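Asker: just coords:
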């Protein structure tokens, strides 16, 4: 499963790159859903999922 998590994090990082500067309710909801999906993994300090969650949280706070 770790390989799937790494791949998912890579894909979501690319999506967050594409969403930078986008003001859209649909994009915001996608990021919120991604954070929900990451919730079981975000407490692993230094993990790619934790870093991605922090990035997503920052993006949501900017909107």
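Answerer: Ah, there it is. Nothing here was measured: the structure is a model prediction, and the numbers come from that model. Numbering: from 1, shown residues only.
Asker: so how many other residues sit close to residue 56?
Answerer: A count of neighbours around residue 56, defined by other C-beta atoms under 10 Å, yields 22. Using the backbone N, CA and C atoms, a C-beta is placed for each residue, glycine as well.
Asker: Over to the one 5 residues further on?
Answerer: Neighbour count of residue 61, defined by other C-beta under 10 Å: 7.
Asker: do residue 22 as well
Answerer: Counted with other C-beta under 10 Å, residue 22 comes out at 11.
Asker: Distance of it relative to residue 41?
Answerer: 25 Å (C-beta to C-beta, to the nearest Å).
Asker: same check, this time on residue 48
Answerer: Taking C-beta to C-beta, one finds residue 48 at 9 Å from residue 41.
Asker: For the two, list the residues in contact with both.
Answerer: residue 5 (C-beta atoms under 8 Å, 6 or more residues apart in numbering).
Asker: Okay, now the unreliable bits of this structure?
Answerer: Across the chain, the ranges flagged by pLDDT under 70 are 1-3, 45, 63.
Asker: which helix is the longest one in it?
Answerer: Looking across the chain with DSSP state H, the single longest helix is helix 2-19.
Asker: Against which helices or strands is the helix or strand just after that helix packed?
Answerer: Counting by DSSP states H and E, the next helix or strand C-terminal to helix 2-19 is helix 25-38. Under the contact definition 3 or more C-beta pairs under 8 Å, 6 or more residues apart in numbering; DSSP states H and E, helix 25-38 sits against helix 2-19, helix 48-62.
Asker: quick one: buried residues of helix 25-38?
Answerer: 27, 30, 31, 34, 35, 38 (16 or more other C-beta atoms under 10 Å).
Asker: The fifth one and residue 58, how far apart?
Answerer: When C-beta to C-beta is applied, the distance between residue 35 and residue 58 equals 11 Å.
Asker: go on, the last one?
Answerer: Here residue 38 is placed at a distance of 14 Å from residue 58 (C-beta to C-beta).
Asker: do the same with residue 11
Answerer: Taking C-beta to C-beta, one finds residue 11 at 18 Å from residue 58.
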